[in-house]
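Q: Kindly return the folded structure for what I paste below:
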Amino acid sequence: MTPPPSTPAVAVLVPVHEQAAFLPRALGSLLAQDLLDFECVVVDDGSTDGPSVPDDPRVRLVRLPTNRGLGAALNTALDATTAPVVAYLPADDAWDAEHLSALLAALAGDSERDLAWSGVRWAGGETTDAPGDSGLQLVQVAHRRTGVRWPERDELEADDLELLLWHRFAARRSTGRVTCTWTDHPGQRSRAIRETCDGGLNVFRRRYRVATPLRLHSRDSGLTDEVALYGRFRDRPAPSGGLRVLLVGELAFNPERVLALEERGHRLFGLWTDDGLGAHTVGPLPFGHVTDVPTVAAARELDVDVVYGLLNWRAVPLAARVLRELPHLPFVWHFKEAPQACVRRGTWPDLAALCGGADEVLLATQEERDWLELALPGRLDPARTGVLDGDLPLAEWFAGERSPRLSDEDGAVHTAVLGRPLGVDADLLVRLGRAGVHVHLHGQVRDHGPAAGWAAAVREAQAQVDTVHVHPKVEQPDWVRVLSRYDAGWLHRFRSSNGGDLRRAVWDDLNAPARIPTYASAGLPMLQSTSPGSVVAAERLLGDSAVLYDGVDDLVARLHDRAGLDRAAKASQDGRMRFTFDAHVDRLVEVLERAVARRG
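A: Numbers count the residues shown, from 1 in each chain. This is a model prediction of the structure:
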């Protein structure tokens, strides 16, 4: 009788997606291990670059026809292997020769110990623990085979592997040695998720062409659950009878507003930028009936009535290209943020071409229009240039049930910061706390570049006062319920220095911050630093719903003026519907139709 084949000591799982150029290095480091008793399964997760594996009986390749995500790839490899210990070697990482033997030695001798990890070298140096704030990485870990499996895309995607699987292994041990390399490069999956790396929900969606609603957790901003968020929109009927509109660019923070166009019968197609940020929404959209168009060449073959180019600076190059290459189509250019960014990135000529060449132009604020008229004299035709904030939410998000105010319960003042806490530092938080003012930060506190100190500022303030609170971000269905608990909401904290001369204006002077409609949904007064003698769009937009303050002491006094806050709250509540897309969509349709009519 032929004896049964022996089971290898360790199974090595190698997920790969569009990283065929890295794979030989990874597999070369595997074949150089001083432990030879392994089996390896490489799972090609829907790549287009044709990864291959060396001719070694221990290494097998399994191909998935489409990208199904990290969890599905790892589960596929688990199912194809039998070894009692599982180790991970992402295609873009590498092991030292003694890596596997060190991990197995750390697991040996104690049957209760179920996970071991090695130290790692990475762009930030070397550590015997997790690299930076990223948690233990796949390349560092081996664990005993158990019945646990990785969550797949329909359940959860995350950069936090502790959240995905490691938390299932309580008894752990470090090898105490640095024996692997976690490679830092733009194509890393974790970088597509984390906002601190210019990633986020829509960067991830675009890279992996995810066509279904996502549940995505980022270490920077927490969980976004599109399954729950957009469930109410799932069964709405397909549009018919209206314009056929090609959306070009990205949809920013409030993408579901396009459903108001579909409700009016307009058929939408989407040609999306590949250069967006996490909050720059691109398709495939997890709601509605927008048909994605893969390329400008494919768009040329479409039967559409009008191009609607939008919305922020990262969409400018693509929109300008479509304007050049599809000149036969009527074109509406809708621009919000920010002309100064186009100057910095070298796309100012494209923006100028869009403003001068589109059949109709819409700009976010009157101040932005005035600035561009000064910067592009004679290029903006007043008869075809209008003002409309292009990133307003649907009115149905304003229909939630209000909550009791926290200040009615404890007598203190409670304020909210949504998104990035621009201008909020530790000194301010401490001074407010000592004056009885709470600050509740919702959403992304971590960031990169000049804003990298936010999390440290929050920690510094929390060590001194108990009035600084960090909460998850507030999704649209909860805007009214959560935000109505507060007395006021913070806008960007800055003081303008343009002195009334728009040629000196910066983006904060021209901007209509996306958080204004969010605060308005709950009728919150909004805190805006005064800028006497300067032109500031937000001050004009808010009117009586603003609480204008000159310095911290003045702000504290105004926040303790209950009657003044109530007047501002009433103004915000009474005027809130003007910050909904529904209030302006018919005007947008008129602009689209006018562009079509201009071409006869």
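
Q: Surely Gln476 is in contact with Ala399?
A: No. Using C-beta atoms under 8 Å, Gln476 makes no contact with Ala399, being 10.6 Å away. Every C-beta, even on glycine, is put in place using the N, C-alpha and C of the backbone.

Q: Settle it for me: which of the two has more neighbours?
A: Between Gln476 and Ala399, counted using other C-beta atoms under 10 Å, the more crowded position is Gln476 (19 against 11).

Q: what's the closest non-adjacent residue to that one?
A: Spatial nearest neighbour of Gln476, excluding adjacent residues (C-beta to C-beta, 6 or more residues apart in numbering): Trp397 at 4.3 Å.

Q: cool, and Asp586?
A: Asp586 sits nearest to Arg264 (C-beta to C-beta, 6+ apart), 7.8 Å away.

Q: In this structure the one you found contacts Val589, no?
A: Yes. Using C-beta under 8 Å, Arg264 makes contact with Val589 at a distance of 6.3 Å.

Q: Can you pick out the residue with more neighbours from these two?
A: Between Arg264 and Val589, counted using other C-beta under 10 Å, Val589 has the larger neighbour count: 18 against 15.

Q: Now that one: which helix or strand?
A: Using DSSP states H and E, Val589 maps to helix 585-598.

Q: Show me what counts as buried in that helix.
A: Within helix 585-598, the residues that count as buried by 16 or more other C-beta atoms under 10 Å are Val585, Leu588, Val589, Val591, Leu592, Glu593, Arg594, Ala595, Val596.

Q: Mind listing residues that contact it?
A: With contacts defined as C-beta atoms under 8 Å, 6 or more residues apart in numbering, helix 585-598 is touched by 243, 245, 257, 260-261, 264, 266, 305-306, 308, 330-332, 358-360, 362, 384, 386, 388.

Q: now the helices: where do they sit in the stretch 251-400 of the chain?
A: Under the criterion DSSP state H, counting those that start in this stretch, the stretch 251-400 of the chain carries helices at the ranges 259-263, 296-300, 316-325, 339-345, 348-357, 366-375.

Q: May I see the buried residues of the third one?
A: Read it as helix 316-325. Neighbour-count burial for helix 316-325 [16+ other C-beta under 10 Å]: Val316, Pro317, Leu318, Ala319, Ala320, Val322, Leu323.

Q: Spatially, what comes nearest to the fifth one if we skip its sequence neighbours?
A: Just to be clear, that refers to Ala320. Asp350 (3.6 Å).

Q: so how many other residues sit close to that neighbour?
A: 20.

Q: For it, give me its contacts.
A: So Asp350 contacts Val316, Pro317, Ala319, Ala320, Cys342 (C-beta under 8 Å, 6+ apart).

Q: Report the two of those residues separated the most.
A: Within those, Ala319 and Cys342 form the most distant pair, 11.3 Å apart (C-beta to C-beta).

Q: tell me the average confidence for the longest strand that the chain contains?
A: Secondary structure of the chain read by DSSP state E shows that its longest strand is strand 172-181. Taken as a whole, strand 172-181 carries a mean pLDDT of 97.

Q: Are there helices or strands packed against that strand, and which ones?
A: Counting contacts by 3 or more C-beta pairs under 8 Å, 6 or more residues apart in numbering; DSSP states H and E, strand 172-181 packs against strand 94-95, helix 99-107, strand 115-122.

Q: Arrange the ones you listed in TSV, one row each, with mean pLDDT as further columns.
A: Below are the helices and strands packed on strand 172-181 laid out as TSV (pLDDT from 0 to 100):
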stretch	mean pLDDT
strand 94-95	98
helix 99-107	97
strand 115-122	98
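
Q: which SSE is the residue nearest to Leu406 when sequence neighbours are not counted in?
A: When the adjacent residues along the chain are set aside, Leu406 lies closest to His414, with 4.4 Å between them (C-beta to C-beta, 6+ apart). Element membership for His414, per DSSP H and E: strand 413-418.

Q: Which is the succeeding secondary structure element to that strand?
A: helix 426-434.

Q: how far does that following helix sit from the chain's center?
A: 29 Å (C-alpha atoms, centre = their mean, to the nearest Å).

Q: rewinding a little: looking at the buried residues of helix 316-325, which is nearest Pro213?
A: Leu318 (24.6 Å).

Q: could you check the distance from that closest one over to Ala20?
A: 27 Å (C-beta to C-beta, to the nearest Å).

Q: Which residue ranges of the stretch 451-600 of the chain form strands?
A: Along the stretch 451-600 of the chain, the stretches classed as strands by DSSP state E, counting those that start in this stretch are 468-471, 488-490, 526-529, 546-549.

Q: and what of the stretch 1-150 of the chain?
A: 10-16, 38-45, 59-64, 85-88, 94-95, 115-122, 125-127, 141-144.

Q: hmm, back to that, looking at the strands of the stretch 451-600 of the chain, which is buried most?
A: The highest mean neighbour count among these, using mean count of other C-beta atoms under 10 Å, belongs to strand 488-490: a mean of 24.

Q: Partner strands of that strand and their direction?
A: The pairing partners recorded for strand 488-490 under DSSP bridges are strand 413-418 (parallel), strand 526-529 (parallel).

Q: distance between the last one and the chain's centre?
A: It refers to strand 526-529. With C-alpha atoms, centre = their mean, you get 25 Å for strand 526-529.

Q: returning to what we had before: tabulate the strands of the stretch 1-150 of the chain (JSON lines), appending distance to Arg504 and mean neighbour count.
A: Below are those laid out as JSON lines (distance: least, C-beta to C-beta, whole Å; neighbours: other C-beta atoms under 10 Å):
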{"stretch": "strand 10-16", "distance to Arg504": "52", "mean neighbour count": "25"}
{"stretch": "strand 38-45", "distance to Arg504": "51", "mean neighbour count": "24"}
{"stretch": "strand 59-64", "distance to Arg504": "55", "mean neighbour count": "16"}
{"stretch": "strand 85-88", "distance to Arg504": "54", "mean neighbour count": "22"}
{"stretch": "strand 94-95", "distance to Arg504": "52", "mean neighbour count": "23"}
{"stretch": "strand 115-122", "distance to Arg504": "43", "mean neighbour count": "22"}
{"stretch": "strand 125-127", "distance to Arg504": "43", "mean neighbour count": "12"}
{"stretch": "strand 141-144", "distance to Arg504": "54", "mean neighbour count": "21"}
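
Q: which ones are touching Ser521?
A: Neighbours of Ser521 in contact, by C-beta under 8 Å, 6+ apart: Pro393, Trp397, Phe398, Gly400, Trp479, Val480, Leu483, Arg576, Phe579.

Q: All set, thanks.
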